[in-house]
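> Give me the fold of what follows.
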Amino acid sequence: MSEPAPAPQTPNLIEPDSGSWWYLLHTKLYRYRALFRKYWWVVLFSTCAGLAYSSWKVANQQVVYVSQALMMVSGKVNLQEAGVFAEETGTFMNTQREMMQDETLRQRSEAKVRALFPDVPITGAALAVVQKPGTSIFNLTATGSDERYPQKFLDALMQEYIATRREFRSQKTEDVGVSIEDAITRVRGELSKAQEKSIAFQRLNNMGFLEAEGNSAGTYLSGLNTQLAELKKEAQLLEMFDLEKKMLRDEGLRLKDGGGEETTTDGDPRSSRAGSSDIEFIRLQQQIQLLKSERASYEKDLRPEHPIMSELNMQIARLQELGEAYRKQSQKELEIRRATIVLEIQNLEVTIKEWEKKALDLSQRLAEYRSIQVEIESKRSQLESLSKSKGNIEINQNVDQEILSIRQKASPPQAIKPGVSKTITSGLLLGLLAGVLFLVLMDQMDDRVASFTEFQSHFSQRVLAQIPGVAGKSRHNEDLMPLVPHDERHTFVEAFRSLRSSIIFMPVQGKAPKTLLVTSAVPNEGKSTVTINLAITLALSGAKVLLVDGDMRRGEIHLALGCHNNSGLGDVLHERKSLDEVVQTTSIQGLCLLARGNAVSNPGELFLGAPADRLLKEMYEKYDYILFDSSPVMAADDTTSLAPKMDATIIVFRFTNSSARTSRKAIYMLQERQTNVVGIVCNDVSEAMQEYYYYSYPEYYSKQDKVEGRS
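Now for the predicted structure:
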């Protein structure tokens, strides 16, 4: 027999995003669902216990008496000019509720009950005041231990509340009237003081002269500023132009008809400021230019020494000397004009400052007078408004503007046990919470696996396949019907086909494994169902398969395949019969069965003997695959004695049922005995889990069946 080497872990499933919150929540809920299915009776017991406790508490609770009444409350002192004394609706209703629950009002109500009903004991009552939504109606509820007191107290309370409200309204109206009268007295005094201040101001100031002087001062000050601006402009021009440019400019200012009024280049008339020296200088310049032109015309024909040329040069030199004298005189006149303008500017600035001070003083006195007049008008307006408000109060003083009425008197007391529904609900919730906490505790202590992510955290072995649970059947797959050709359980069939492919194409060194042992850690993990259906799937692929019931204590594979158990594996190992005598054919072509036969007490010793080796060798030569269904590893030593002689061993692990710790211990025990554990089959996997990839496509199989005529 070949010894296949263990293959690396290559799970044949699509791993989900185990870090997503939705996946983690889905996995956790699935795990808790499995815990609830197992421990539902604990949750039910704790809930019933909480309900029983709350019921006992209610049964022993003291009886109280409740009386109810209705009261309508709205309105307030309505002053058209004194709206400041009114409250907003929300604040008003909250205030009334607090007033009804006020301790002073309670004491007055108790005193009234004591006076009117001396025989009724004052036992005290709890008061609840609730405003009906969207209305001005209050629902009053009184609760007490005496049968008569709540009703009497509630009637007295409503009557005392109405009396208190009317007293308050009357007092409030009087207080408002007194406040307005005080305000009128104060405003009258302030008005008198303002009028006296105005008279005193007019005695010190002639208002007619003051207003006229203020207007004239402003006009005169404006003219001075205009004159100052013109002088500053002329001073700037004198600084900008030299003597020749100034004289040329002044000459251009003259009228074309000569003499009289002169005009500037920009058309502004002004008195002549050009001196006689300036005019003579300009004329000399013109004569010099004429002589120079005449000399230039003679230069073409005459020599410089010619008498005419000499005469012209002498005339030009004489005129230039005369022009220089006029230029100096004009320069002196220009400097004198500059000094004169500077003095004029200084005098104007001093005058302007004096008039500005005078105008400011006049303006301040006028502003003070106007302020006094505005104050007088304001006080008169306030006095008129307050007088009108006082008249309205006097008119409305005796008018009842509030709506205070008892809509329903206090009802006869009803005996109740308060908080029954709350107590029952609290007990129910506490019991349910205790059950949930128990599930949480079991979740922390339970190492059963509900998802592939959890499985990976416990095991490093290769996952050969995921076998789904079948809806509508027992939760244990041992009770499921074996596979048949054209089976309608599509996802169930595909899972075993995936397991078959994992076996056939297992990456091993040497020959592929032929003898396979299927086991589990403890009973009820579905190993027998997995073994039977794997054998059927291999046989349907055309292989010659021998299915051996290796659980010689409790094996019942023959029942699932409709065969007998008259003789079997035990008879062969005891050498009472040969292999061919005990092998049975099944309804599945290519599948043969070797039942367990009569039960034996020492199967482990039989597996270790020489007859077992000879039997395995004989099987190895006659069949393509030999599948052994063995007893659970932790139940007996049978499997650990047989597994080392197999080419490969497969462990079955049931989700939400198998203990990870126990399964790891079983694998460790097998590996310690040199067993070739090639992988794990995850059984009873929920199709609702995201890891399972066949569940999403059932319509694919149904369409295919219709095409083939197998609807």
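> R37 and E377: what is the separation?
As for R37, its distance to E377 is 91 Å (criterion: C-beta to C-beta, to the nearest Å). Quick note: C-beta positions are derived from backbone N, CA and C, even for glycine.
> need the strands for the stretch 51-200 of the chain, in chain order.
When assigned using DSSP state E, counting those that start in this stretch, the strands of the stretch 51-200 of the chain occupy the ranges 64-74, 126-131, 137-144.
> if we compare those, which one ends up closest to R166?
Judged by C-beta to C-beta, the one of these that comes nearest to R166 is strand 64-74, at 12.3 Å.
> In the sheet, which strands lie alongside the closest one, parallel or antiparallel?
strand 137-144 (antiparallel), strand 403-408 (antiparallel), strand 414-416 (antiparallel) (DSSP bridges).
> Contacts for the last one, please.
Residues from elsewhere that reach strand 414-416, judged by C-beta atoms under 8 Å, 6 or more residues apart in numbering: V63, V64, Y65, V66, S67, E147.
> Now the two most distant members of the residues you listed.
Considering C-beta to C-beta, no two members of those lie farther apart than V63 and S67, which are separated by 14.2 Å.
> Can I get the buried part of the contacts of strand 414-416 as one ChimeraX selection?
A single ChimeraX command selects the buried members of those (16 or more other C-beta atoms under 10 Å):
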select :64,65,66,67,147
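> Next, format the contacts of strand 414-416 as TSV and append pLDDT.
Putting the contacts of strand 414-416 into TSV (pLDDT from 0 to 100) gives the following:
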residue	pLDDT
V63	81
V64	84
Y65	86
V66	88
S67	88
E147	82
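> quick one, strands of the stretch 251-400 of the chain?
Counting by DSSP E, counting those that start in this stretch, the stretch 251-400 of the chain has these strands, from start to end: 262-263, 269-270.
> Same check on the stretch 501-650 of the chain?
Ranges of strands in the stretch 501-650 of the chain, per DSSP E, counting those that start in this stretch, are 515-520, 545-549, 584-585, 591-594, 625-629, 648-654.
> I'd like to know which of these lies nearest to I341.
The stretch from the strands of the stretch 501-650 of the chain with the least distance to I341 (C-beta to C-beta) is strand 648-654; that distance is 118.1 Å.
> orientation of that closest one relative to strand 625-629 in degrees?
With axes from the mean of the first three to the mean of the last three C-alpha atoms, to 10 degrees as the criterion, the two stretches strand 648-654 and strand 625-629 enclose an angle of 40 degrees.
> What pairs with strand 648-654, parallel or antiparallel?
With DSSP bridges as the test, strand 648-654 is paired with strand 515-520 (parallel), strand 677-685 (parallel).
> for these, which one sits closest to A635?
Between A635 and the strands paired with strand 648-654, the tightest spacing by C-beta to C-beta is seen for strand 515-520, at 9.4 Å.
> Return that closest one as PDB; C-alpha atoms alone will do.
Extracted as PDB, the C-alpha positions of strand 515-520 are listed here (Å, rounded to 0.1, in the frame of the first residue of the first chain):
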ATOM      1  CA  THR A 515      -7.900   2.900   1.400                       C
ATOM      2  CA  LEU A 516      -9.700   5.800   3.200                       C
ATOM      3  CA  LEU A 517     -10.900   5.800   6.800                       C
ATOM      4  CA  VAL A 518     -13.600   8.300   7.800                       C
ATOM      5  CA  THR A 519     -14.000   9.000  11.500                       C
ATOM      6  CA  SER A 520     -14.900  11.700  14.000                       C
END
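> report the angle between the axes of that strand and strand 545-549?
Angle of strand 515-520 versus strand 545-549, following the same axes, to 10 degrees, is 40 degrees.
> Now do strand 515-520: everything it contacts.
Strand 515-520 is contacted from outside by 1, 503, 526-527, 530-531, 534, 550, 616, 619-620, 625-633, 639, 642-643, 645-654, 658, 663, 666, 681, using C-beta under 8 Å, 6+ apart.
> In ChimeraX, select just the buried ones from these.
For anyone working in ChimeraX, the buried entries among the contacts of strand 515-520, judged by 16+ other C-beta under 10 Å, can be selected with:
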select :503,526,527,530,531,534,550,616,619,625,626,627,628,629,630,631,632,633,639,642,643,645,646,647,648,649,650,651,652,653,654,658,663,666,681
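> Show me the protein divided up by domain.
Each structural domain of the chain that the record assigns through automatic domain parsing is listed here as a residue range: 21-61+418-445, 208-396, 452-707.
> Now do the last one: distance to the chain's middle.
Relative to its parent chain, domain 452-707 has a centroid offset of 55 Å by C-alpha atoms, centre = their mean, to the nearest Å.
> And the second one, by the same measure?
In this view, domain 208-396 has its centroid 76 Å away from the chain centroid, taken as C-alpha atoms, centre = their mean.
> isn't S641 right up against G609?
No - when contacts are counted by C-beta atoms under 8 Å, S641 is not listed as touching G609 (9.9 Å).
> Tell me which of the two has more neighbours.
Each of S641 and G609 has its neighbours counted (other C-beta atoms under 10 Å); S641 has more, 19 against 14.
> can you give me the helices in the stretch 51-200 of the chain?
Listed in chain order, the helices found in the stretch 51-200 of the chain under DSSP state H, counting those that start in this stretch are 89-100, 103-116, 149-204.
> so can I have JSON lines of those showing mean pLDDT?
Putting the helices of the stretch 51-200 of the chain into JSON lines (pLDDT from 0 to 100) gives the following:
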{"stretch": "helix 89-100", "mean pLDDT": "80"}
{"stretch": "helix 103-116", "mean pLDDT": "88"}
{"stretch": "helix 149-204", "mean pLDDT": "80"}
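> which parts of stretch 164-171 are buried?
Buried-residue list, stretch 164-171, by 16+ other C-beta under 10 Å: T164, R165, R169.
> what would those residues look like in a markdown table with distance to K422?
Below are the buried residues of stretch 164-171 laid out as a markdown table (distance: C-beta to C-beta, whole Å):
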| residue | distance to K422 |
| --- | --- |
| T164 | 34 |
| R165 | 35 |
| R169 | 40 |
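> wait, what's in contact with E294?
Residues in contact with E294, defined by C-beta under 8 Å, 6+ apart, are L312.
> pLDDT-wise, which helix or strand of the chain ranks last?
In the chain, the helix or strand scored least confidently by mean pLDDT, DSSP states H and E is strand 269-270, which has a mean of 38.
> out of everything not next to it in sequence, what's closest to L561?
If the residues on either side of it in the chain are set aside, L561 comes closest to T586, at 5.0 Å by C-beta to C-beta, 6 or more residues apart in numbering.
> Next, that neighbour: phi, psi?
Note on T586: backbone dihedrals following degrees, to the nearest 10 are phi -110, psi 180.
> Any regions of the stretch 1-150 of the chain where pLDDT drops low?
In the predicted model of the stretch 1-150 of the chain, residues 1-28, 30-31, 75-90 satisfy pLDDT under 70.
> Near K38, how many residues? Count them for me, please.
15.
> which element is it on?
The secondary structure element spanning K38 is helix 21-59 (assigned by DSSP states H and E).
> The strands paired with strand 64-74: which one's closest to M158?
When those are compared for distance to M158 using C-beta to C-beta, the nearest one is strand 403-408, at 5.3 Å.
> In the closest one, which residues are buried?
Of the residues in strand 403-408, those with enough neighbours to count as buried (16+ other C-beta under 10 Å) are L404, I406.
> So what touches it?
The contact list for strand 403-408, computed with C-beta under 8 Å, 6+ apart, reads 68-75, 136-137, 158, 161-162, 165-166.
> what angle do that strand and helix 149-204 make?
Regarding strand 403-408 and helix 149-204, their directions subtend 170 degrees when assessed with the same axes, to 10 degrees.
> starting at the chain centroid, how far to strand 403-408?
Distance of strand 403-408 from its chain centroid, counting by C-alpha atoms, centre = their mean, is 47 Å.
> returning to that earlier point: identify the residues contacting the residue nearest to L561.
Taking C-beta under 8 Å, 6+ apart as the criterion, T586 is in contact with L547, L561, G562, C563, C592, L593.
> can you pick the most crowded of these?
Of those, with other C-beta under 10 Å as the count, L547 tops at 32 neighbours.
> I figured that one was touching L591, is that so?
Yes - judged on C-beta under 8 Å, L547 makes contact with L591 at a distance of 6.4 Å.
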